[in-house]
Structure formats: C-alpha cells, structure tokens
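Peer 1: Give me coordinates for this.
(chains A and B)
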Amino acid sequence: MAEYSALSLLANALKGNKDWKPAWRKPDPKASYDVIIIGGGGHGLSTAYYLAKEHGITNVAVLEKGWLGSGNVGRNTTAVRSNYLLPANTRFYEHSMKLWENLSHDLNYNVMFSQRGCLNLAHTPAQFDDYARRGNAMRHLGVDAELMTPAQIKRLIPALDISSDARFPVVGGLMQRRAGTARHDAVAWGYARGADRRGVDIIENCEVTGFLRDGDRITGVTTSRGDIRAKKVAVAVAGSTGRVMQLAGIETMPIESHVLQAFVTESLKPFIDTVVTFGMGHFYMSQSDKGGLVYGGDIDGYNSYAQRGNLPIVDEVMSEMLALFPGLARVRMLRSWGGVCDMSMDGSPIITTGPLPGMYLNCGWCYGGFKATPASGWCFAWTIAKDEPHDLNAPFTLDRFHRGLVIDDKGQGANPRLH
Amino acid sequence: MLITCPYCGPRDVIEFTYQGDGNRERPDPASQNFEAWNAYVYDRLNPAGDHNEIWQHSGGCRAHLRVVRNTLTHEISSVAFARGDHGPVARRKAEGRS
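Peer 2: Model (predicted):
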C-alpha cells in the first residue's frame, strides 16, 4: 500500500484518480486471534493501531457490526481539548493532545487537526474565578491555559454578544490555544489504514451475538459471521456497552446510555475561528472547514439507545446559540443527528482489565470520547498487552466506584444525566 | 414524546423531570451493607428495550410516576404512581429477587 505524499497525489490526479487502492482490506475472520477488539469506532481502531505499533501484537481482529465510522466516531462535533481540573483527567487528556499534535504525521494520513483554540465563556465573577482556578490547575501540569477579558474575547469573536444587556453578559473566559478540532471521519480511516497495514484484520458487518467461555473465562465471541476464538477479548463499544455486557451475563454497570444531539448549519463565510463554549447553559460551537457551524448542547436526559434526538433539546440548544450570537437567528440548520453516549456515574471513562477474566473494557466516555481517541487506544493497548493499566489510566478502573475513588470533574455525583 | 399522567392526562415530555432507573432499591438508612449501598448508588440495568423508570410531573401535579418506556423506540407501555404495590421494586420483592 503506497504512502500518501504530494507526489502520489499528483500522479493519481494526472491519471484521473483511478489507481487509488482501498485503504484497508476486507478479510474474512480467521478461527482465532491473539486479541479481538469488539467495536470498530475510533477507540477500537486506535487500540488496534497502538497494539500493533507499540507492542508488536498484530494477530488482532477488530469486529464492527456496521461499517467503519457508522457509530459515534462519525457522529461527534470534532472538538479536541485537555482543559480539565482534576489531575487524573488533565494528565490523560494532555497525553491525548500530544498524540493529536503528531497524529497526521504518525498515520501518514491527514486528520486535519486544527489547533484553533477552545474558549470557555464565564458569565459571573464566581465562574471567572472558577476558570482561573482550573487554568492554574492546568498550568501546574504543564498544559497551556490563559484568561481572557471581554475586550480580548470580542476581538477574537466579533459576532459574540458581550454587551451588558446580553441575557448572560460575558465577564471573561478561559482559553486553551492548543485545543481545536480534527476531521472525525479521517481519524477513523487513518487509524483503520494504519492498523490494517500492520496486519490487523478489520472485519465490518460482523455483529457480536455472544461470548465463548471456559468457566468464568472469556475465550472468544460468537458473531453473525461465525465463532471466533481469542486469548483476549477487548470491548470498546461506547453507547452499546450495556447491551454487550449483558451478552456476557453482566446485568448492571455504572453506566447509562443517553442520546446526545448535534447540529450543523448551512455553509457560511468564515465566521468563527475557534471553539467556543457557553458557561451559563450547555452549548458549544465551532465552524467546520467546509463552512457549516457545528454545535451541540446537553444530552436528551433519559436513557435511550435510539440514534435520534428529542425536540425540547433542539429548542434549548437554539435558544442558547441565539443568546450568544443574535446574528445567527436567520441562519438555516442543515441537519441534526444523535449519538448514543455511555454516561458513567462520575463523568469519567473506564479503561480497565476485566470485569471477567480474559476480557478488557473501555467505556464510559460520556460525550467526550472523541478528543480522547488517541490516548484511549494508547492506554487500552498497554492494558491489553501487559494485563495492567499504564500510570495514565490506572485511576480509570472499574472498581474505583467500589473503592470510593471516583473522578468527578463536574461534581455532579452519581447522576449520569447531569454530567 | 407524550407521557400520560394518571392525574393530568397526556402531556408533553418537557413537563416531566427524569429521575432515573426505577429498579434500584434504596437500602434501609441504618443498613451497613456496603454492597447494597454501592449497587444502589452506582449500578444501573440500562436495558435496550423496556425500561422501568421514575419520572416526576414537575411542571404539573408534581406526582412521581413509574413509567415503562422502550429505550429503542421511546414507546411508553405503562404509567402508574410510583408509590404503591405495583411498581417494579415491589414486583422484584414479591419474586424474591434483590
């Protein structure tokens, strides 16, 4: 498979783009593998890539029930950031950020990572103080953060309503300049190609229907394309975690599945060159390279596996958008979509060995899984290869709830619908 | 989505507040059963299909309701008052399950 380069682009352009090869093979499943990864989303694919690249484990299958990019990796709002408060989160997401910064080069695939910055708006002095605290916590761990005044914010985002008669006047903001966006589909395709060329079998349209067991131990899976055995079975299925774990006989998990909606407008001329978040409700927006404004808000708020959303949240998100940007009142919404998020009880992810012998679990990304894609795969691959967590994901085990060591960045407790 | 409140009739979902999984059983406040408390606080059934859940008609009569709703289709098959002998917890007790 050829490297992508300026020369290969030019050569293929001159030949009418007829000679491009598929980016990954379409193999039939083998009878057994060293590692099976259930879930061909961003996290499953990045796990396969780092298993092969960092640990030399290439006898790996990624099983995807649909096609690559059909789940959350193709349904998110592409924002990437590491502006957390608690050290466990900050270290983990900053590791992700560093992988993002080199990802296109590492994969030889342009994931269009754009460090356009992420600005959190503060609307009360107390909130501004809170952001100052978070910014200090970030800088203590070597992550960039800077406070911005309303005048600086107005220069950065001229369309933002910062007047004193705005519904929620802006008193300042916390900016992470190294944050930004990445092209979500390219991330899936780039990792798929990178894993495939190192020997990983990516098997699409292969739904896992159950687990093979030897006593308690998981020894493989039953699928719509036959039984497949494996020494290790890794589960990275995001919104379907509840369903897949029930196939393994685990009835309850510290997880609820909720729907998160996102929206995109018709294409506009350059309007905003950063990611902005509203501090008074829950709203965030950026502009895609194609020109559409990409934005979203809260989850729908009740358990759902339906990949479609409800109208009250649409109404709420639009109101919040107009509170910040009155000038967008007549812009047309092009489309909306919903993804299923596995909301954990403390709002933080789970990357762990177990819960059954032979099984490894990666879940609980709430609605922040996209930015974690590189570090999630990197840490999960380490955990699978060495049967123990890396220092970076040691705090994110499943038993932290039993041990009283929850990582609750938002302080919302065991109420997943509030995270 | 419409929820048919037993007092008020069919109302839009925006009048209701979701209170979560209705299958959880709060241990006796004096209980020191660590596992039971842990399960109550953190563990959820999270089924893909019919789900027993608690909603409050917070924008109406304020009653707490037990709603059985399909999490794949959002179809609601029953609504009853949360208090009473017919809810999922009472049923599970009657069947001897914890």
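Peer 1: Helix or strand: which one has residue 52?
Peer 2: No chain in the question, so chain A it is. helix A:42-55 (DSSP states H and E).
Peer 1: my bad, chain B
Peer 2: In the assignment (DSSP H and E), residue B:52 maps to strand B:50-56.
Peer 1: what does that strand contact?
Peer 2: Here strand B:50-56 makes contact (C-beta atoms under 8 Å, 6 or more residues apart in numbering or on different chains) with A:302-303, B:3, B:16-23, B:45, B:62-71, B:77, B:82, B:87-88. (Each C-beta comes from the backbone N, C-alpha and C, glycine too.)
Peer 1: Nearest spatial neighbour of the spatially most central residue of chain A, chain-adjacent residues omitted?
Peer 2: Note on chain A: the residue nearest the mean C-alpha position is residue A:370, at 1.5 Å, using C-alpha atoms, centre = their mean. Nearest in space to residue A:370, with sequence neighbours left out and distances taken as C-beta to C-beta, 6 or more residues apart in numbering or on different chains, is residue A:76 at 4.3 Å.
Peer 1: and the one you found, that one's in a helix?
Peer 2: No: under DSSP: H, G, I helix; E, B strand; the rest coil, residue A:76 falls outside any helix and is assigned coil.
Peer 1: Do I have it right that the residue nearest to the centre of chain A meets residue A:74?
Peer 2: No: the criterion here is C-beta atoms under 8 Å, and residue A:370 misses it with residue A:74 at 10.3 Å.
Peer 1: Now do the strand holding residue B:52, average pLDDT.
Peer 2: Mean pLDDT, computed over strand B:50-56, is 96.
Peer 1: What of stretch A:248-257?
Peer 2: Here the average pLDDT along stretch A:248-257 is 94.
Peer 1: Buried residues of that stretch, list them for me.
Peer 2: Going by neighbour count (16 or more other C-beta atoms under 10 Å in any protein chain shown), the buried part of stretch A:248-257 is A:248, A:252-257.
Peer 1: what is residue A:173 paired to in the beta sheet?
Peer 2: Beta-bridge pairing of residue A:173 under DSSP bridges involves residue A:121, residue A:148.
Peer 1: who touches it in this structure?
Peer 2: Applying C-beta under 8 Å, 6+ apart, the residues near residue A:173 are A:119-122, A:131, A:147-148, A:153.
Peer 1: picking up where we left off before, so who does the residue nearest to the centre of chain A touch?
Peer 2: Residues near residue A:370 by C-beta under 8 Å, 6+ apart: A:42, A:72-73, A:76-80, A:182, A:184, A:187.
Peer 1: Near chain A, which residues of chain B? Just list them.
Peer 2: Residues of chain B lying close to chain A by C-beta under 8 Å from any C-beta of the partner chain are B:1, B:12-14, B:18, B:20-21, B:38-39, B:41-48, B:51, B:53, B:69, B:71-74.
Peer 1: What's the PyMOL syntax to select whichever of those residues are buried?
Peer 2: Per 16+ other C-beta under 10 Å, the buried members of the residues of chain B next to chain A correspond to this PyMOL selection:
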select buried, chain B and resi 13+18+20+21+38+39+41+42+43+44+45+46+47+48+51+53+69+71+74
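Peer 1: Tell me which of the residues of chain B next to chain A fall in strands.
Peer 2: With DSSP state E as the criterion, strands contain B:12, B:18, B:20-21, B:51, B:53, B:69 from among these.
Peer 1: Quick check, residue A:137 in contact with residue A:91.
Peer 2: No: counting by C-beta under 8 Å, residue A:91 is not a contact partner of residue A:137; they are 11.3 Å apart.
Peer 1: hmm, back to that, what's the ChimeraX syntax to select whichever of the contacts of residue A:173 are buried?
Peer 2: Per 16+ other C-beta under 10 Å, the buried members of the contacts of residue A:173 correspond to this ChimeraX selection:
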select /A:119,120,121,122,131,148,153
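Peer 1: Make TSV from the contacts of residue A:173 and add distance to residue A:377 and pLDDT to it.
Peer 2: Formatted as TSV, the contacts of residue A:173 follow (distance: C-beta to C-beta, whole Å; pLDDT from 0 to 100):
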residue	distance to residue A:377	pLDDT
A:119	28	98
A:120	27	97
A:121	32	97
A:122	34	97
A:131	30	97
A:147	33	97
A:148	33	97
A:153	35	96
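Peer 1: Which members of the buried residues of stretch A:248-257 are the farthest-apart pair?
Peer 2: By the measure C-beta to C-beta, A:248 and A:256 form the most distant pair in the buried residues of stretch A:248-257, at 18.1 Å.
Peer 1: how about the closest residue to residue A:144 other than its chain neighbours, secondary structure?
Peer 2: Spatial nearest neighbour of residue A:144, excluding adjacent residues (C-beta to C-beta, 6+ apart): residue A:178 at 5.3 Å. Classification of residue A:178 using three-state DSSP returns coil.
Peer 1: what's the pLDDT at residue A:178?
Peer 2: Residue A:178 is given a pLDDT of 97.
Peer 1: Quick check: it touching residue A:97?
Peer 2: Yes: at 6.3 Å, residue A:178 counts as touching residue A:97 under the criterion of C-beta under 8 Å.
Peer 1: shared neighbours, these two?
Peer 2: A:82, A:143.
Peer 1: Neighbour count: the two, which is higher?
Peer 2: Per other C-beta atoms under 10 Å in any protein chain shown, whichever of residue A:178 and residue A:97 has more neighbours is residue A:97, with 24 against 21.
Peer 1: for the more buried one, what are its contacts?
Peer 2: Residue A:97 touches A:80-82, A:143, A:178-179, A:371, counting by C-beta under 8 Å, 6+ apart.
Peer 1: So which of the residues you listed sit within strands?
Peer 2: Those of these lying in strands (DSSP E): residue A:80.
Peer 1: which among the contacts of residue A:97 gets closest to chain B?
Peer 2: Proximity of the contacts of residue A:97 to chain B (C-beta to the nearest C-beta) peaks at residue A:371, which lies at 24.1 Å.
Peer 1: how about stretch A:200-219: buried residues?
Peer 2: Buried residues in stretch A:200-219 (16+ other C-beta under 10 Å): A:200-204, A:206, A:208, A:211-212, A:218-219.
Peer 1: In JSON lines: the residues you listed, plus pLDDT and secondary structure.
Peer 2: Below are those laid out as JSON lines (pLDDT from 0 to 100; DSSP: H, G, I helix; E, B strand; the rest coil):
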{"residue": "A:200", "pLDDT": "97", "secondary structure": "coil"}
{"residue": "A:201", "pLDDT": "97", "secondary structure": "strand"}
{"residue": "A:202", "pLDDT": "97", "secondary structure": "strand"}
{"residue": "A:203", "pLDDT": "97", "secondary structure": "strand"}
{"residue": "A:204", "pLDDT": "96", "secondary structure": "coil"}
{"residue": "A:206", "pLDDT": "96", "secondary structure": "coil"}
{"residue": "A:208", "pLDDT": "97", "secondary structure": "strand"}
{"residue": "A:211", "pLDDT": "97", "secondary structure": "strand"}
{"residue": "A:212", "pLDDT": "96", "secondary structure": "strand"}
{"residue": "A:218", "pLDDT": "96", "secondary structure": "strand"}
{"residue": "A:219", "pLDDT": "96", "secondary structure": "strand"}
